[in-house]
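K.L.:
predicted model, plus sequence, below.
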Amino acid sequence: MKLETLFAKASKVQSEIKSRVLRINAHFASNCLKDFNDSNRPLSQSVAKLYANEMLRGQWQCNGEPLIFSVDSTGKEHLISGQHRLQGLLLANQAIELGQEWPSAQTEWDSVVVYNVPHETADTVDTGKARSHSDVLFRDPWVDSFIPSQWNETINARKTWTKTLAGAARLVWLIEGGATVSSAPKFLISEMLNFIQQRHSNLHQFVTMVLDANDADADNHGLKMSLPYIAALAYVASVVETEDGLEIDKSIADTMDQFINQLAVGTGFDKGDPAWALTGFWNKLTSEPGSKDRDRDWVGPFIKAARHVLEGSTNLKVSDVALTKKERDQYTQMPIMFDGFQTQCFERAAAAIAIAAEASISPPEIDDAPAESEPEPEVKKRKAPAKRKPSPVESAV
């Protein structure tokens, strides 16, 4: 059955609510916000800037979500849904007017406009569940090209795989921007799709690696750390940037796979091995009451243990994977990192921030973050890091 056929069979009703599709430009947006935005929720500039970023990168789409205007008992009209989209359009136009170069920028876009809605319904607008990164991946056909069959047999299995990939992608994105988890900038969905489908197209392999290990742990519950974190960190330890793009060092990937499986099942290692030390640290950590710091108590010790694995260290104590007081105190300025890819990303970001501070301008936001390479491979030549655009809207507001 076609939708038009379904419409024809439905009961028709008389309604004062009307709709149309319009081309929305800066003039329209400015007048809407000036004349009709007097009965809306508080404006969030951070949300408006995110939308402006999407428009400047040419990622804004007419998806049927309307601008909604109500009318009260006196006949006065009010904007009740769309203020952040309209403010984002103004910010995008301001960025262009200031001379910023955005070849794909959208300075106007089409939208459904619904109007004459009863004003008393305003509080029922925009109360639905936001679409998450994992929601988008769950329904993306791209996933079907890579997801293993055992993680695609049921809805719950597919949800687990896509949720883990979404979380891992965000952490890798933070790492590429030289940020820690706690800095938590916004990871736009459109950026995520480009990030994992093009630049980091091998990340999904590490998601499967971690989920398979966790699924085979025989109820040992050995992977006590966040699975997306483990997948992301195993990936950044293994990735190498060459002239042809990002590649995986198979030797490192295989070593990380073995290490993760040892942690999951609780066997395959001797006393003093890195997996033994990290297992002991995790057991102690989870037995202690109170909240734990994501970077200092989970990410840093995991990286220290994995570095010991890659270096072939033995005769370790549990304390050898814990962060020292100095490492904890200096973590924001110098996190515990893998040599190569992660370290160079952090150094590039730190240099950019220092240059920005010296010039008394805002540092660039994490956007399509640059990548970095493994420690001095003998046969692989590193590719010069791509320069990132500054924040599209910081200088426009």
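P.N.:
Good, I have the coordinates.
K.L.:
and the helix or strand where residue 159 lies, what does it pack onto?
P.N.:
Using DSSP states H and E, residue 159 falls within helix 155-176. Contacts defined by 3 or more CB pairs under 8 Å, 6 or more residues apart in numbering; DSSP states H and E place helix 155-176 against helix 133-139, helix 189-194, helix 203-215, helix 227-238, helix 341-358. All C-beta spots, glycine's among them, are computed from the backbone N, C-alpha and C.
K.L.:
low-confidence ranges in the stretch 101-250 of the chain?
P.N.:
For the stretch 101-250 of the chain, applying pLDDT under 70 flags the ranges 126-131, 178-185, 218-220.
K.L.:
quick check: phi and psi on residue 242?
P.N.:
Torsion angles at residue 242 (phi, psi; degrees, to the nearest 10) stand at phi -120, psi -180.
K.L.:
hang on, I meant residue 64
P.N.:
Torsion angles at residue 64 (phi, psi; degrees, to the nearest 10) stand at phi 90, psi -10.
K.L.:
how is the nearest residue to it once chain neighbours are set aside assigned, secondary-structure-wise?
P.N.:
Closest residue in space to residue 64, ignoring its immediate chain neighbours: residue 112 at 5.9 Å, by CB to CB, 6 or more residues apart in numbering. State at residue 112, reduced to three classes by DSSP: H, G, I helix; E, B strand; the rest coil: strand.
K.L.:
surely residue 112 is in contact with residue 68?
P.N.:
No. Counting by CB atoms under 8 Å, residue 112 does not reach residue 68; the two are 9.3 Å apart.
K.L.:
of the helices and strands packed on helix 155-176, flag the one that's most buried.
P.N.:
Most buried of the helices and strands packed on helix 155-176, by mean neighbour count (mean count of other CB atoms under 10 Å): helix 227-238, with a mean of 26.
K.L.:
quick one: that one to chain centroid distance?
P.N.:
14 Å (CA atoms, centre = their mean, to the nearest Å).
K.L.:
which other helices and strands contact it?
P.N.:
The contact analysis (3+ CB pairs under 8 Å, 6+ apart) places helix 227-238 against helix 155-176, helix 203-215, helix 250-265, helix 300-311, helix 341-358.
K.L.:
what comes into contact with it?
P.N.:
The contact list for helix 227-238, computed with CB atoms under 8 Å, 6 or more residues apart in numbering, reads 163-172, 175, 200, 202-203, 206-207, 209-211, 214, 223, 248-249, 252-253, 256-257, 260, 298-299, 302-303, 306, 310, 338, 341-342, 374.
K.L.:
returning to that earlier point: what's the closest of the helices and strands packed on helix 155-176 to residue 26?
P.N.:
Of all those, it is helix 189-194 that lies closest to residue 26, at 21.8 Å by CB to CB.
K.L.:
so which elements touch the closest one?
P.N.:
With contacts taken as 3+ CB pairs under 8 Å, 6+ apart, helix 189-194 sits against helix 133-139, helix 155-176.
K.L.:
at 7 Å what do you get?
P.N.:
The contact analysis (3 or more CB pairs under 7 Å, 6 or more residues apart in numbering; DSSP states H and E) places helix 189-194 against helix 133-139.
K.L.:
distance from the helix it packs on to the middle of the chain?
P.N.:
Chain-centre distance of helix 133-139: 12 Å, with CA atoms, centre = their mean.
K.L.:
could you dump it to PDB, C-alpha only?
P.N.:
Extracted as PDB, the C-alpha positions of helix 133-139 are listed here (Å, rounded to 0.1, in the frame of the first residue of the first chain):
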ATOM      1  CA  HIS A 133      24.600   7.900  18.000                       C
ATOM      2  CA  SER A 134      23.900   4.200  18.500                       C
ATOM      3  CA  ASP A 135      20.300   4.700  17.300                       C
ATOM      4  CA  VAL A 136      21.700   6.100  14.000                       C
ATOM      5  CA  LEU A 137      24.200   3.300  13.600                       C
ATOM      6  CA  PHE A 138      21.600   0.600  14.400                       C
ATOM      7  CA  ARG A 139      19.600   1.500  11.300                       C
END
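K.L.:
re earlier: isn't the residue nearest to residue 64 up against residue 19?
P.N.:
Yes. With contact defined as CB atoms under 7 Å, residue 112 reaches residue 19; the gap is 6.0 Å.
K.L.:
returning to that earlier point: give me the angle between the helix holding residue 159 and helix 227-238.
P.N.:
Orientation check (axes from the mean of the first three to the mean of the last three CA atoms, to 10 degrees): helix 155-176 against helix 227-238 gives 50 degrees.
K.L.:
what sits up against helix 155-176?
P.N.:
Contact partners of helix 155-176, identified using CB atoms under 7 Å, 6 or more residues apart in numbering, comprise 133-134, 137-138, 143, 147, 150-152, 181, 187, 192, 195-196, 200, 203-204, 206-207, 211, 227-229, 231-232, 235-236, 342, 345, 366, 369-371.
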